[in-house]
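Engineer: sharing a model prediction with you, sequence too.
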Amino acid sequence: MTGPHVHVVFFPLREGEPCNLVVLAPDTISDLEDSSQANLEEMKELMKNWEPRIQKLLGMVTSISKWRLQDNVEIENWTSGQGTFTMIGDACHATIPYLCVRSVV
């Protein structure tokens, strides 16, 4: 689901138990803050005017984490100077999930 400045993805992990609810939203983490500290009430407040199914899912959340997505500058050359090593795929760059929301993150 997408909405103003937010992208939500919900998917099962193992045989439908447990499930993962991912909310991509603008950064609220200060440079001095531990980015792993999350607040469920902050997420509920962010999502309070969303689809009722999201509210129901948030009511079932038992643990939460928060981290900052990084968008790094691409390097100029993925091959070593000797030509003996080349990085390809996701191993060679930071990948922002669901690139359709790249400008929001």
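Structural biologist: On my side now, so go ahead.

Engineer: so which residue is smack in the middle of this structure?
Structural biologist: A centroid search over the chain (Cα atoms, centre = their mean) returns L24, at 4.9 Å, as the residue closest to the centre.

Engineer: tell me what that one is bridged to.
Structural biologist: H7 (DSSP bridges).

Engineer: where do the strands sit along this structure?
Structural biologist: Residue ranges of the strands in the chain, as given by DSSP state E, are 2-3, 6-12, 19-24.

Engineer: got CSV for those, with mean pLDDT and distance to E42 too?
Structural biologist: All C-beta spots, glycine's among them, are computed from the backbone N, C-alpha and C. Converted to CSV, the strands of the chain look like this (pLDDT from 0 to 100; distance: least, Cβ to Cβ, whole Å):
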stretch, mean pLDDT, distance to E42
strand 2-3, 70, 16
strand 6-12, 83, 13
strand 19-24, 83, 10
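
Engineer: adding distance to F85, write the ones you listed out as JSON lines.
Structural biologist: Below are those laid out as JSON lines (distance: least, Cβ to Cβ, whole Å):
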{"stretch": "strand 2-3", "distance to F85": "39"}
{"stretch": "strand 6-12", "distance to F85": "34"}
{"stretch": "strand 19-24", "distance to F85": "33"}
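
Engineer: about what we covered before: surely the residue nearest to the centre of the chain and H7 touch.
Structural biologist: Yes. In terms of Cβ atoms under 8 Å, L24 counts as a neighbour of H7; the distance is 4.3 Å.

Engineer: next, count neighbours for V8.
Structural biologist: For V8, the neighbour count with other Cβ atoms under 10 Å is 18.

Engineer: using the centroid of the protein, identify the residue furthest from it.
Structural biologist: Q82 (36.3 Å).

Engineer: ramachandran angles for it?
Structural biologist: Backbone torsions of Q82, given as degrees, to the nearest 10, read phi -80, psi -10.

Engineer: tell me how far it lies from M43.
Structural biologist: Computed with Cβ to Cβ, to the nearest Å, the distance linking Q82 and M43 is 48 Å.
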